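A.B. asks: one predicted model, sequence on top.
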Amino acid sequence: MISVSEWQKIGIGTMGFGIFFILFGILLYFDSVLLAFGNHKLKGTSFFLGGVIIVLLRWPLLGMALETYGFINLFRGFFPVAFGFLGSSIPFLGSLFQRLQGTSSMV
């Protein structure tokens, strides 16, 4: 029998989770409904992945700034839906969002 240390058990478990989620993600990728929600926003994707690369090249502040800009560009259309759902589900946030919406004007 092979002796396995505690750290190796943690590593095997983490690797198992990773393999499961990769295979599950591949299966979900081919779902037609999820493909309709697919990401075709080149600007946001390039900024986000460029930020990841810059973080890996040891420029964390610049990389995180680029990732944040890319994230905002990618999910810009989803934010109103999420805020609307949170505002209707949680009473305190609903009144806060209505107050914030009333103060801004698009003139």
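C.D. replies: Perfect, I can see it now. Residues are numbered from 1 along each chain as shown.

A.B. asks: doesn't Gly87 make contact with Gln98?
C.D. replies: Yes - because the distance of 7.3 Å satisfies Cβ atoms under 8 Å, Gln98 is recorded as touching Gly87. Where C-beta positions appear, they are placed from N, C-alpha and C, glycine not excepted.

A.B. asks: what about these two, which has more around it?
C.D. replies: Neighbours were counted for Gln98 and for Gly87 using other Cβ atoms under 10 Å; Gly87 has more, 17 against 10.

A.B. asks: quick one: residues contacting that one.
C.D. replies: 93-94, 97-98 (Cβ atoms under 8 Å, 6 or more residues apart in numbering).

A.B. asks: which stretch of helix or strand covers it?
C.D. replies: Here Gly87, judged by DSSP states H and E, is contained in helix 79-89.

A.B. asks: least confident secondary structure element in the protein?
C.D. replies: The least trusted helix or strand in the chain, going by mean pLDDT, DSSP states H and E, turns out to be helix 32-36, with a mean of 66.
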